[in-house]
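Colleague: Compute the structure for the input listed below.
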Amino acid sequence: MTELVPGANAPLPRGPVSVRLIGPFDLCALVTAAHGKVDGDDDFVFYNQPATAGVILSGDEVMVDPERLRPGAERVVIVASSEDGTTPFGQLPGPVVTLHDRRGNLSAHFTPPPLSSETVVTLIEIYRRGAEWKVRAVGQGYADGLAGLARDFGVDVDDDSPATPESAAPPPDLTPAVPRQDAPASAAPASAAPVPVGGPPARWGDRSASGHGQVPDDRPAPDGAGWAGEGGVPAMLAQVVTLTNIEREREGLAPLAVDPMLTAAAAEHSRDMVARGFFAHTSPDGRTVSDRVTDLGYRYARVAENIAAGQTTAEEVVAGWMQSPGHRANILIPQLRQIGVGHATGGEYGTYWTQVFGVLL
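Modeller: Here you go, the predicted structure:
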């Protein structure tokens, strides 16, 4: 593990890496070319646009895959602001940045110098030097906040939009940009209304969280035909687990084991979406994936959830999740160790799928 100081650099581990910052902060990332400026809106990754080519934001973590960056990208700058957008860093716990390789191993550690009135700080940058990629510690603060960041990197800041999201706002649900009845297309933000073509389109959603819970498990097992496969789950859902683990194996990640509590939470959410006619991570009464696994007694260090609707086979739903940056990121979180899959039929889309991932405390 490398301890970085401001201005110091180190070789970047090969493959995707994760930059983490725990605490009352919001993360964002900027992708720049050799001229040091962003080339457009797609180069700014933040809570309302959590993914672009080679960069995915998920809560307190930014995942960067240099090989997947857009053509011409030379640098990814990781930036933090205070969670409420106004509290200066001098009134917050000192930020501690960690860099992890594709397997989750700690590669580098950086503590920026003490800050005072700054509300935005550039933490580190991942940059190309010749044929190699490196990481450099920065620690530069901006007392003028996003305005200073925009000035330095050429970002368009909309003054009429809020500086930070509501603390409980989930990531956007995703729906195919060109939906088809028989198979999902590539995912795009759900702010563009789905276009029915002969029937309801397939839909997608992803969610990630951290915390713990402690209530006994007394929920029923998921519905499905043909009991077989891993963990006693139905054969079709066991196939979802198998296909998910194949994708993780391709990235050198540990396989996920079926957990009965996560399976029950996934099944409950799929049935609930059918019964109450909604498609979201948060149920009409405000329950989230954190609530669902907590109520079943799953004490977690990390939990994440993918949902989908309209797909008819395990192959179709896993392929669709892997084509969507947010869902793919959840499937490939290195630290995960358990999985549960739920499936229910009925409702507007005909089929509702839920994947719940976790790692125990």
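Colleague: my guess is residue 244 contacts residue 256, does it?
Modeller: Yes: between residue 244 and residue 256 there is a contact under Cβ atoms under 8 Å: 6.5 Å. C-betas here are computed from N, CA, C, even on glycine.
Colleague: what do those two both touch?
Modeller: residue 339 (Cβ atoms under 8 Å, 6 or more residues apart in numbering).
Colleague: can you list the domains in this structure?
Modeller: Domain assignment of the chain by the TED database yields the ranges 1-151, 232-358.
Colleague: from those, which stretch is densest packed?
Modeller: Burial of these is given as mean neighbour count (mean count of other Cβ atoms under 10 Å); domain 232-358 ranks first at a mean of 21.
Colleague: Distance check, residue 89 against residue 68.
Modeller: Distance of residue 89 to residue 68, given as Cβ to Cβ, to the nearest Å: 31 Å.
Colleague: tell me the mean pLDDT for stretch 33-47?
Modeller: Taken as a whole, stretch 33-47 carries a mean pLDDT of 88.
Colleague: First-to-last residue distance for that stretch?
Modeller: End-to-end span of stretch 33-47 (Cα to Cα, to the nearest Å): 22 Å.
Colleague: who does the residue nearest the centre of the chain bridge with?
Modeller: For the chain, the residue nearest the mean C-alpha position is residue 58 (3.4 Å; Cα atoms, centre = their mean). Per DSSP bridges, the residues bridged to residue 58 are residue 61.
Colleague: Show the contacting residues for it.
Modeller: Applying Cβ under 8 Å, 6+ apart, the residues near residue 58 are 50, 208, 304, 326, 329, 330, 333.
Colleague: Please name the bridge partners of residue 30.
Modeller: For residue 30, the beta-bridge partners are residue 44, residue 77 (DSSP bridges).
Colleague: Am I right that it is in contact with residue 77?
Modeller: Yes: at 4.6 Å, residue 30 counts as touching residue 77 under the criterion of Cβ under 8 Å.
Colleague: surely residue 331 meets residue 319?
Modeller: No: look at residue 331 against residue 319 with Cβ under 8 Å: they stay out of range, at 11.5 Å.
Colleague: and the nearest residue to residue 121 once chain neighbours are set aside, how far is that from residue 92?
Modeller: Counting by Cβ to Cβ, 6 or more residues apart in numbering, residue 121 lies nearest to residue 141, which is 4.5 Å off, once chain neighbours are set aside. Using Cβ to Cβ, residue 141 is found at 12 Å from residue 92.
Colleague: from the contacts of residue 58, which is closest to residue 149?
Modeller: Nearest to residue 149 among the contacts of residue 58: residue 50, at 17.8 Å, using Cβ to Cβ.
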